[in-house]
Structure formats: C-alpha cells, structure tokens
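**Q** turn this into a model:
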Amino acid sequence: MGEGPTAQRAAAVGVDAATLAPVALADAFVFATDFLGVHIDEINALNVYPVPDGDTGTNMHLTLQSVRRQLLEESPKAMADVAHALSYGSLLGARGNSGVILSQVLKGFADVVKRHDELSAAILAKALNGATKTAYAAVMKPVEGTILTVVRLAADAVSKPLDGEKPVALLERALAAGHEALARTPEQLPILKQAGVVDAGGLGFLRLLEGLIAAFEGKPLPEPPKVTTRAQEQFEEEVFGFCTEFLLAEVSVETREIQEAVESFGDSLLVVGAEGFVKGHIHTEEPEKLLALVARYGRMVRSKVEDMSEQHSEILADVDMEAAEPPKTGLVAVSSGYGITKAFRSLGARVVGGGQTNNPSVQDIADAVRSLGAPAVVVLPNNKNIILAAERVAELVPEKRVVVLATRTLGQGLAASVAFAEGTEVDAVVPAMERAAKDARTLEVTVASRDASIDGVDVHEGAYIGLLDGTLKETADTAEACVLAMLEDVAEDAELGTLFYAVATGEEAARALVERIEEAHPDLELEVHGGGPDLYPYLLIVE
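**A** Alright, predicted model coming up:
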C-alpha cells in the first residue's frame, strides 16, 4: 500500500525528535486508525472473550474512526484540543466491550497530555500510566489476560524513561513489553489456551501502538495479514444472551449511579461518562428492560441490541454507525416468547416484554419509545388489552411523534414489522404496515382456564381452544387438532405460514404437526420456529 499524506506529515517529526507536537500526535492517530483497519480481520479471528462474538477488531476500529472524525473536523493545534478529540470522540464512538475499554485507555491518556504543550518521553510514560488507571477503574471486575493486562504491562515497562530517551523510542519499548504480555495471556485465561490464541483486545491495542510508531517513522500501511483459522471454530453453539449498548446525552447524575442501577442485569458491564454523556455496554438476557431503565437518566442518542448467539462464528460487517443516517422512524413492539421476540428484533423493533396475562404499563412502553433515537416511533401493542395503554404513551413522551398501529395479535404485529423501514418517514411507512397487518391471520392455541360458552362454542376447563385473530373458533382434545381445524377456514387464501411452538410443546411434536399440515395443504409454504409464548402451545401466522 502506498504512503498517504498523513504518513508524510507525521514522518517530518522523525524518530529522534525530543518531543511530539500536537499536530504530529493528531496526525499519528489519524494514520493509526487506518493501520488498525488493516488488521480488523486478524483481530476478529482471535476473539473468544467474553463470548465468541468475533467483533473485537471491528469495534476497536469503529471507536478510533470516531476519534479520527473528531480530529479531522476540529483540526486541533493545541494539545488540550487533541486530548479532547481523543477522549470525547472515543466515548461517542465506542462500540462493544473492547471499544469502551479502548475509549477509557484514550481518556486516561488524554487526561495527562492535555496539561502539556508538547510530549516528552517522560510525559508519554505518565500518559500510558494514566491510560492504565482509567481503563481498570472503568471495569467493575477486571480480568487479567485481557487488553487491560497488556496496557498495564506495556505502561509499567516504560514507567521510568531511559536517560535521553526519545518519545518514539519509549513507545517502541512499550510495544515490545506489550507483545511479551500478549504472549502470556493464554496462561492467564484458560479460554484463550483452549482456543490456542492470544487475547484479541490486547492485540488490537498493540496494533494501535504500531500504527502510531509507523506514522512517526513515515512508513506506509502494510498489507492485511492472511487469516486462515478463527478461534470461534473451537466452540460449540450455545446461548450467550444479548450484547446491549447505549449512549445517553444530557445526563445529570453521577455515572456510578447508572452503573449500580444496571449491574444486576448481566456481565461484561462497562458504564463510562464525560461531558454529560454516558456510554454503556453489557451482556444481558433482558436488553429491553435495561434500555428502558437507563433512558430515564438522560436522552437516548443511540442504542443497539445484538443476539450474541447469532454472532457466533460471524464477523460483524465494517459498518460505521456514527456516519450512517439517523433513523427517521423507530419501532416498538410488545412481545412474548423468545422466538417471536427474536423475530421482532431482527425486523428492527425495540421489544417490550408482555402480552396476554402480562400487560405492560404505559410507562413500560413509554420507556421503550424514549430509548430510541428516532423522532417518530410506531408502536405495535399486539394485543387488544394493550392498545389503550399504547395510545397513552404520547402523553408521557411529548418530544416524539408516537403512532399506535392497533395490532391485536402477534401475527398482525410481525406482518406489520416486515413492512417497516426505519429510513422511511412515518407517514409513508404506516399505511404499508397497516395493509400488511390486515392481510395476516393469526391462529393461536391455548388452554381454557374455565368452562364457558362464547360465540356459540362450548369449552371446558383444561381443554385446548383455538383463537382466530383473537376470536374463539375451536375447541379440541389436542392442540394440534385445534390448529388443523382453524386452518381449514383460512388456508385456501394463504400462501405463507410461520409456526411458533412453545418450549413445553417440543420440537418433535411441532415437526409432526408440520407434516400433517403439509399433507393437508401442500400449497402452503411453512416455516417453523421454537420460542412461542409459554401460554400458547402453537401460534401460526398465515398470509
């Protein structure tokens, strides 16, 4: 790869310079961002901690891209301004566990260098020490064998500069010590030893140091290293929960208060803040509840929920969320059942847990609406008993336009979500969502809680009952019989069907039902998924 203008400017500093000027440092970080970008796939391939989600390199690069934008926009000439760009830019752009830790490394570094006009080797040594302290302080339960260890040992190695040592030489010594520390990480973390790799975040930090040194030396960007194996291949699939991130603005409480509020939600917790902003990252099984809670502390700028089971053995696309157009319309859906909730999330919805017998409050839905960054939000109640609560949400969130699409079933809500597009203005997307909801039919099977006679159908407590679009239609001795009977009324006009089954039903019974449906209705294209609502052995959506 060729030598760019950034490398040429930084090269003028020279490795023998006694101090580093602000412009030189800013140029070096711009170049180092591209340097780290060359190594994204290499770093991603190592990632196994805390779960094999494979995105460490991507997240660290995205964090540095935010720093680079800040530097290029501000063109700082004073060291305090460079420090601000490093600290502020990395906080706003921090992605994932590794990105948030990197932002704290840069914050600690910036807090030291901002007090100086130029950087000598002695000041650089203090800055690396400051980076270590701030990074460790941000992690509630520091784990050795990670990026924290590599940063600390690299800083310790240069805590006392050599006589006459130049800044670049000090960075080279820190880099050498960091590589030694990285090589020992498998002995500190058994999961690394099991996978036969070193820590991904630690390597990412060293690639950053290498990029800074290469910039000062005037070197070109290297070729991307070839990746032949991935640590994720050493692990079988399992459920890891949801990687949940948020960025709040206009926060007036101490960061510690928010950290304590969310501590019980999961692990890999990081909550950091500066200048009224708070950035959070956590792995949790309850992402919606967590986001709704933290939204009460400030204005939600950005949030993200990713299923880490789906991330297993995958490398995230190199997408810069910060540079992307902000969403014009957000989507909130009330849902229950893991499989259905997962489907709503995949279609771009923020999910509020709840449904039959577990109606969410107006505040619950309002918190979810507030947690989205879009100026307009469509709400899908997905149950007739939740519509009125949803319609009151606008009173609690006057700063957003809230449009309630009165979906009465989960099937209507999922169909509407398929037609949702966050890049579309709300007035344009709602009609399409309404048409999709109207065309969907929802078949639900549950168990009667008491004897009753409704709409001409006599049911007995404990019997299976079938609801078509929320209206009682069938009763039978088995759940499967209810599904087959209701299908006779709707299958003629249906082309697609999606069947969800509850955990208690089991996959074997569900597959057997699918075979019977396909035999009776060979023209109906059917998908089957686990994770339906617990109260419903089967939920079938046909369109």
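**Q** the strands in the stretch 401-543 of the chain, which residues?
**A** With DSSP state E, counting those that start in this stretch applied, the stretch 401-543 of the chain shows strands at 401-404, 441-447, 452-454, 457-459, 464-468, 471-476, 496-501, 525-530, 538-542, listed in chain order.
**Q** which strands border the last one, and is each parallel or antiparallel?
**A** By that I understand strand 538-542. Strand pairing for strand 538-542, using DSSP bridges, gives strand 441-447 (antiparallel), strand 496-501 (antiparallel).
**Q** so which of the ones you listed gets nearest residue 343?
**A** Among these, the nearest to residue 343 by Cβ to Cβ is strand 496-501 (8.2 Å). C-beta here means a position set from N, CA and C on the backbone, and glycine is covered the same way.
**Q** list the contacts of the closest one.
**A** Strand 496-501 is contacted by residues 337, 339-340, 414, 507, 509-510, 513-514, 517, 524-533, 536-543 when judged by Cβ atoms under 8 Å, 6 or more residues apart in numbering.
**Q** is it correct that residue 529 is in contact with residue 338?
**A** No. Residue 529 lies out of contact with residue 338 (Cβ atoms under 8 Å); the separation is 9.5 Å.
**Q** may I see the ChimeraX selection of the buried members of the contacts of strand 496-501?
**A** A single ChimeraX command is used to select the members of these judged buried by 16 or more other Cβ atoms under 10 Å:
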select :337,339,340,414,509,510,513,514,517,524,526,528,529,530,531,532,533,536,537,538,539,540,541,542,543
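**Q** what ranges do the strands span in the stretch 251-400 of the chain?
**A** 266-274, 277-284, 299-307, 329-335, 350-353, 376-380.
**Q** let's have the strands paired with strand 538-542 in JSON lines, adding distance to residue 397, mean neighbour count and mean pLDDT.
**A** JSON lines is the format used below for the strands paired with strand 538-542 (distance: least, Cβ to Cβ, whole Å; neighbours: other Cβ atoms under 10 Å; pLDDT from 0 to 100):
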{"stretch": "strand 441-447", "distance to residue 397": "28", "mean neighbour count": "23", "mean pLDDT": "90"}
{"stretch": "strand 496-501", "distance to residue 397": "30", "mean neighbour count": "22", "mean pLDDT": "90"}
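**Q** those strands: which one's closest to residue 183?
**A** Here strand 496-501 is closest among the strands paired with strand 538-542 (Cβ to Cβ), at 48.5 Å.
**Q** now the angle from the closest one to strand 525-530?
**A** 20 degrees (axes from the mean of the first three to the mean of the last three Cα atoms, to 10 degrees).
**Q** run through the stretch 151-300 of the chain and note the low-pLDDT ranges.
**A** By pLDDT under 70, the low-scoring segments of the stretch 151-300 of the chain are 230-240.
**Q** can you name the element that comes right after the biggest helix by length in the chain?
**A** Criterion DSSP state H: the longest helix present in the chain is helix 167-188. Moving toward the C-terminus from helix 167-188, the next helix or strand (DSSP states H and E) is helix 190-195.
**Q** got the angle for the following helix or strand past that following helix vs helix 167-188?
**A** Later in the chain than helix 190-195, the nearest helix or strand by DSSP H and E is helix 200-217. If you take the same axes, to 10 degrees, helix 200-217 sits at 170 degrees to helix 167-188.
**Q** in stretch 472-486, what counts as buried?
**A** So stretch 472-486, judged by 16+ other Cβ under 10 Å, has buried residues 472-476, 479-486.
**Q** typo on my end, stretch 380-396
**A** By neighbour count on 16+ other Cβ under 10 Å, the buried set for stretch 380-396 is 380-383, 386-387, 389-391, 393-394.
**Q** in helices, which of these appear?
**A** Using DSSP H, 387, 389-391, 393-394 are the members of those that sit in helices.
**Q** which one of the residues you listed is nearest residue 495?
**A** Among these, and counting by Cβ to Cβ, the member closest to residue 495 is residue 387, at 28.4 Å.
**Q** how close does that closest one get to residue 334?
**A** 10 Å (Cβ to Cβ, to the nearest Å).
**Q** who touches both of these two?
**A** residue 381.
**Q** for residue 351, see how far away the residue of the chain positioned farthest from its centre is.
**A** Most distant from the centre of the chain: residue 456, at 49.0 Å, with distances by Cα atoms, centre = their mean. Using Cβ to Cβ, residue 456 is found at 36 Å from residue 351.
**Q** look up the closest residue to residue 364, ignoring the ones flanking it.
**A** residue 352 (5.5 Å; Cβ to Cβ, 6 or more residues apart in numbering).
**Q** what pLDDT does the model give the one you found?
**A** We have a pLDDT of 84 for residue 352.
**Q** ok, it - contacts?
**A** Residue 352 neighbours (Cβ under 8 Å, 6+ apart): 288, 292, 332-335, 360, 364-365, 368.
**Q** now residue 63
**A** For residue 63, the contacting residues are 90, 93-95, 99-100, 102-103, by Cβ under 8 Å, 6+ apart.
**Q** which one of the residues you listed is nearest to residue 198?
**A** residue 102 (16.9 Å).
**Q** ok, the closest one - how many residues close by?
**A** Residue 102: 31 surrounding residues under other Cβ atoms under 10 Å.
**Q** mean confidence for the helix or strand encompassing it?
**A** Here residue 102 sits within helix 96-113, counting by DSSP H and E. Averaged across helix 96-113, pLDDT comes to 91.
**Q** against which helices or strands is it packed?
**A** Judged by 3 or more Cβ pairs under 8 Å, 6 or more residues apart in numbering; DSSP states H and E, helix 96-113 is in contact with helix 56-74, helix 79-93, helix 121-138, helix 147-157, helix 200-217, strand 242-249, strand 266-274, strand 277-284.
**Q** how about the ones you listed, which one is nearest residue 439?
**A** strand 242-249 (30.9 Å).
**Q** buried residues in that closest one?
**A** In strand 242-249, counting by 16+ other Cβ under 10 Å, buried: 242-248.
**Q** which strands border that strand, and is each parallel or antiparallel?
**A** If you go by DSSP bridges, strand 242-249 pairs up with strand 277-284 (antiparallel), strand 299-307 (antiparallel).
**Q** now the angle from that strand to helix 79-93?
**A** Using the same axes, to 10 degrees: strand 242-249 against helix 79-93 is 130 degrees.
**Q** strand 242-249: how far from the chain's middle?
**A** Computed by Cα atoms, centre = their mean, to the nearest Å, the chain-centroid distance of strand 242-249 equals 7 Å.
**Q** and residue 266, bridged to which residues?
**A** Residue 266 has the following beta-bridge partners by DSSP bridges: residue 284.
**Q** before we move on, the earlier item: out of the buried residues of strand 242-249, which one sits closest to residue 193?
**A** residue 243 (24.1 Å).
**Q** compute the distance between that closest one and residue 122, please.
**A** Between residue 243 and residue 122 the distance is 40 Å, computed by Cβ to Cβ.
**Q** ok, now residue 436?
**A** 65 Å.
**Q** number of nearby residues for residue 219?
**A** 17.
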